[in-house]
Structures are given as C-alpha cells and as structure tokens.
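# Pasting the sequence and the predicted model now:
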Amino acid sequence: MLSRLGLSFLLLLLLPILSAHLALGRAASELRIAHRILHPSLPATPFLDRATVLLSGSGPTADARLVPSQTFADDLLDYTRTAQGLNDALYQVALEHPGDSDQSQWAVSSVLACHLPTSSSESFTIHLDQNGRPFSFEYFVGPIPHDGACPKRGRKTGRGSSAQSSPAEFRAIANTTVALRSPSFPPLPELRVPPPVTAEGKPVEAPKEKSFIEKYWMYIAIALIAMTFAPSPSEEASEGGHGQGSGERR
C-alpha cells in the first residue's frame, strides 16, 4: 500500500491534469456569444458579452440553452439608438472560439440593425465539426420583408413639419431559438459501369434491332414452300372420282 506521503505526492502530480480536464469540459459545455454595432461612420468598437450558450449532451441528442448577459438589454437599447437613421448599419453577433481571445478569428453573423426594433423572433444556429467543436455560426431575426429593406421613416406631412419615427425602444424578443447542427454527408453516388469503347476510343454502337421479317424469314419461307407444293382441293377431288369409276368397272 502507498504511504500517506506517497499518496499526497501522487495527488499533487494529478492535480494539474484534473484541473486541465475540468477546464476543458467547462469550455466545451459553455460557449460565449458577443455583439456590437458596425458602421463606417461610427468608431470601431469591440464585441461585448451578449449571452452564454449552455450545452448538454452530445451527438444527435445535444441540446443548447441561451442565457443572456446582465448588460444585454442596455447594450441592445444603446445599439438601436446609435443605429437609428443609419439604414446600412450592421448588428453583428459573434461566437467566441473556445480558448481564442482574438476577436478577428471568431465566427461572425450580421443583420441590418434597423430590423432590431421591430423583430419578434431570433434564431442562433451553431455548426459543429466531427469532434463536436463549434466552427461556424448563423444569426437571423424576423420578421423581415422579402427584399430585406429597412422600414421606411415618416415623410413630411405639412409645411415645416415632419412625422419623425419614434425614438428607439428596447423590446425583449419573445421567441429565441438555439439549434446545433452536426456535420451531415450527402449519399454516395451510384457508380455505373462505363460504356464499352472501341480501340479508337469511340463508344461501341449497340446492334440494330431486327425487324419482324428479319427475325422470322426462315419460318415464313418454309410456310410459303409448303403452301406452294401442297395439292389443291380440285385435284384431290378428281383423283378420288377416277378411283371410284375404275372400281365399278371391275
């Protein structure tokens, strides 16, 4: 049996390995999602925490749950106010790669920021590789017009007055879905035997199908010959009459 001193020394050796495995398991079960607003006229800003995706299970039975950050509502309200009037401003959502703090390497998905105030649903789709690690990310909001255009602002209704759009207000999106997509492979193509070719490399032409006469000419010829040499009914009758007359004379 190991002594108490030897057991303590063994635990000291295994502690870093156990800590690394626990950290790896925690990183694999939690994914961080960040967001920001982007427009050429606005100063470049880093991504801020938006939510944490909690993963459970693995393979086809894997499940994901989104937990918003504490500053999510304030950040989104600030973004919608900042992007008001900028129809080409983008609302970017990024998926942090586990263990990679370089934001330029994260998977990013963008939607027009003008759709945020009127959105009632959003969807997150996380694509996993064969080992279950995230490598791609998609984000959508709805409803959006078929042409994807931003909502039109109010037009002038009178002299010196205009119907301005109401200030941006934060409305919690009621319907949020998170989906995990594992890699799928298309069915293998059915391999067929290549057509035979001649020595010159040209495809061999299939033999021409024979007509009815070409197939059965021999039987037709035999039938015609038999019909030609067969005695006619008048000759048979005359031969029968001559035989009877000769018999009576006898």
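Okay, I see it.
# got the contact list for the helix or strand containing residue 223?
Residue 223 is located in helix 212-229, with elements delineated by DSSP states H and E. By CB atoms under 8 Å, 6 or more residues apart in numbering, no surrounding residue is in contact with helix 212-229. C-betas here are computed from N, CA, C, even on glycine.
# From residue 114, how far off is residue 145?
11 Å (CB to CB, to the nearest Å).
# cool, and residue 68?
Residue 68 sits 22 Å away from residue 114, going by CB to CB.
# Between those two, which is the more surrounded one?
Neighbour count, other CB atoms under 10 Å: between residue 68 and residue 114, residue 114 has more, with 22 against 15.
# could you pull out the strands for this structure?
Assigned by DSSP state E, the chain shows strands spanning 30-38, 48-56, 63-68, 90-95, 107-112, 121-128, 134-142, 175-181.
# Now do the same contact list for the nearest residue to residue 121 once chain neighbours are set aside.
Leaving aside its chain neighbours, residue 121 sits nearest to residue 175 (4.0 Å; criterion: CB to CB, 6 or more residues apart in numbering). Residues in contact with residue 175 (CB under 8 Å, 6+ apart) are 120-122.
# Please tell me how far residue 175 sits from residue 122.
To residue 122, residue 175 is 7 Å away according to CB to CB.
# got it, and residue 51?
For residue 51 relative to residue 122 (CB to CB), the value is 11 Å.
# Same check on residue 230?
From residue 230 over to residue 122 the distance is 95 Å, taken as CB to CB.
# count of neighbours near residue 121?
Using other CB under 10 Å, residue 121 is surrounded by 13 other residues.
# Wait, it touches residue 115, no?
No: between residue 121 and residue 115 there is no contact under CB atoms under 8 Å: 11.1 Å.
# Between these two, which contacts overlap?
The contact sets of residue 121 and residue 115 overlap at residue 141 (CB under 8 Å, 6+ apart).
# circling back to that earlier point, between residue 230 and residue 122, which is the more surrounded one?
Neighbours were tallied for residue 230 and for residue 122 using other CB under 10 Å; the higher tally belongs to residue 122 (19 against 7).
# Look up which residues are beta-bridged to the more buried one.
For residue 122, the beta-bridge partners under DSSP bridges are residue 141, residue 176.
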